[in-house]
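Q: have a look at this prediction, sequence included:
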Amino acid sequence: MKKAIEYKTFKNVDYTSEPLIDSDYEACRFDNCNFSEITIGDINFIECVFNNCNLSMLMPNNTSFRDVVFKSCKMLGIRFDNCNPFLLSFSFDSCTLNFSSFYNLKILQTRFINCKLNEVDFASANLTKATFRQCDLSGTIFDYTILEGADLTTAYNFTINPEENMLHKARFSISGLEGLLRKYELIIED
């Protein structure tokens, strides 16, 4: 059985040269840490905060993220679809998640605040009641995605096909209508 590490703060740790201890982390904080291009497997992060960390190309093989907050993190190319899906829940504030994948994940009520989500894969994901506040969604894939009740009123640069995605009660602004109508090649004028 793994030993739990609780209520500990880790600052300026470079996990590319100092391996992450195979443990369960509960209510821990990671500040300015480097997790880039490492593989972490079967580790549980519960109610943890990652602040200003580099997690680019992290390989989270069967890793659990439960009520985890990512703030101001660089998170390029992460395959979140390789995480343990049981009770998977996280939020992202001012993060760069370009080229990451949430394919086929059930991540209800996930909050993306002021994030760059360029070329992110949300195909077949369930994002019911998710929030995309001030998010750049350029090139992001929404294909058979459930966005029911999602808030995209301040999101921008997205293209979402209403015929291939579930949008019941999703919220958009008038300026966001272009992203819903792009496939029809309509000319929308102010």
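A: Thanks, I have the structure now.

Q: which of the residues in the helix or strand hosting residue 67 are buried?
A: Residue 67 is part of strand 64-71 when elements are defined by DSSP states H and E. Buried residues in strand 64-71, counting neighbours by 16 or more other Cβ atoms under 10 Å, are found at 64, 65, 66, 68, 69, 70, 71. Any C-beta I mention is one placed from the backbone N, CA and C, and that applies to glycine too.

Q: closest to residue 49 among these?
A: Ranking the buried residues of strand 64-71 by separation from residue 49, with Cβ to Cβ as the measure, puts residue 69 on top at 4.7 Å.

Q: would you map the helices across this structure?
A: Counting by DSSP state H, the chain has helices at residues 177-181.

Q: domains for it, by residue range?
A: Residue ranges for each domain of the chain read 1-94, 102-190, as given by automatic domain parsing.

Q: need those in CSV with mean pLDDT, can you?
A: Formatted as CSV, the entries for these read as follows, by pLDDT from 0 to 100:
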stretch, mean pLDDT
domain 1-94, 96
domain 102-190, 93
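
Q: on that earlier part again, out of the buried residues of strand 64-71, which comes closest to residue 145?
A: Out of the buried residues of strand 64-71, the one with the shortest distance to residue 145 is residue 65. That distance is 20.0 Å, counting by Cβ to Cβ.

Q: and that closest one, what does it touch?
A: For residue 65, the contacting residues are 45, 83, 88, 89, 90, by Cβ atoms under 8 Å, 6 or more residues apart in numbering.

Q: burial count for residue 29?
A: Residue crowding around residue 29 was assessed by other Cβ atoms under 10 Å; the count is 16.

Q: so it touches residue 10, yeah?
A: Yes: counting by Cβ atoms under 8 Å, residue 10 is a contact partner of residue 29 at 7.1 Å.

Q: return the subset of the contacts of residue 65 lying in strands.
A: Per DSSP state E, strands hold the following members of the contacts of residue 65: 45, 89, 90.

Q: out of those, who's the most crowded?
A: With neighbours set by other Cβ under 10 Å, the maximum within the ones in strands among the contacts of residue 65 is found at residue 45, which has 23 neighbours.

Q: quick check: beta-bridge partners of that residue?
A: Taking DSSP bridges, one obtains residue 25, residue 65 as the residues bridged to residue 45.

Q: kindly export the strand holding residue 67 (C-alpha atoms) in CSV.
A: What follows is strand 64-71 as a C-alpha-only set of coordinates in CSV (Å, rounded to 0.1, in the frame of the first residue of the first chain):
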residue,chain,number,x,y,z
SER,A,64,-5.8,10.2,-10.8
PHE,A,65,-6.6,13.9,-10.6
ARG,A,66,-9.4,14.5,-8.1
ASP,A,67,-10.4,18.1,-7.4
VAL,A,68,-7.1,19.3,-8.7
VAL,A,69,-6.4,23.0,-9.6
PHE,A,70,-3.9,24.0,-12.2
LYS,A,71,-3.0,27.7,-12.1
